[in-house]
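Chemist: Need coordinates for the following:
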Amino acid sequence: MDANIQLMLYLVPTVVGLLLVLPLGRSIVTPFTERYTSLATERGRIFFGLILTCIAGAAVSFQTLWISSKISEAGGEFCSAGGVFSCDDVIGNTDYNVDPIFGLPWGGIGAVVFCILLYFAYSSFKEPNADWVSMHLKLGVLVTFSGFFVIALLVYYEIQMEKICQYCSTAHLANIAAFIGFFRLVRMNDSDTWNDS
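Modeler: Residues are numbered from 1 along each chain as shown. Sure, this is the predicted structure:
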């Protein structure tokens, strides 16, 4: 499969999820609310966008982990490259493709984090009035906010290499979308509109 088409499999759900967690997402889902009733509410729409974003973020993170493993095993080209866009150069760079503290691959860290975020989002969606929902949503905000520091470090690495990894950028966008979704849900949960949604 062409690497750019494969990238779209991750990028499109991430962008759709981002649009759904934003206030303008209401106009996007209007045609689908009759069939999918949970999308008719603000809370349901944000949860759907958040869950979609976390799934896409986990998938693209697993892809970057796979690319990293394959490059370290045998070399070769596994994703689109050309000019400034070259995920092989970024993910395959042994100086930058692991975290500086534990030496774990960034793709693996991203996959674990997005799976945890997916658990927070999905369990809260299924049991919106449980006592622990507020804690899950706040932990989601904390984890995704912490992700901004990791994104800044990884973008710094890309600047050093003068290359951009499209898969990494998709994971970064998923983190931003997840932060917006969790933040909006926390604010909604702290107000009187939680059960009105």
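Chemist: which residues of the protein score low on pLDDT?
Modeler: For the chain, the stretches flagged by pLDDT under 70 are 1-2, 72-86, 88, 196-197.
Chemist: show me where it has helices.
Modeler: Taking DSSP state H as the test, the helices found in the chain are 3-21, 25-29, 42-74, 87-91, 106-126, 133-161, 166-189.
Chemist: how about a markdown table for those, with distance to residue 36 and mean neighbour count added?
Modeler: Every residue, glycine included, has its C-beta placed from N, CA and C. Formatted as a markdown table, those follow (distance: least, Cβ to Cβ, whole Å; neighbours: other Cβ atoms under 10 Å):
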| stretch | distance to residue 36 | mean neighbour count |
| --- | --- | --- |
| helix 3-21 | 12 | 19 |
| helix 25-29 | 8 | 15 |
| helix 42-74 | 8 | 22 |
| helix 87-91 | 34 | 24 |
| helix 106-126 | 13 | 20 |
| helix 133-161 | 21 | 16 |
| helix 166-189 | 17 | 23 |
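Chemist: looking at the ones you listed, which is closest to residue 98?
Modeler: Proximity to residue 98, assessed across the helices of the chain by Cβ to Cβ, is greatest for helix 106-126 (6.8 Å).
Chemist: and the angle from the closest one to helix 133-161?
Modeler: Counting by axes from the mean of the first three to the mean of the last three Cα atoms, to 10 degrees, helix 106-126 lies at 160 degrees to helix 133-161.
Chemist: how about residue 11, what does it touch?
Modeler: By Cβ atoms under 8 Å, 6 or more residues apart in numbering, the residues touching residue 11 are 56, 166, 170, 173.
Chemist: from memory the first one sits against residue 174, does it?
Modeler: Yes. At 5.7 Å, residue 56 and residue 174 qualify as touching, with contact defined as Cβ atoms under 8 Å.
Chemist: Right, I'll leave it there.
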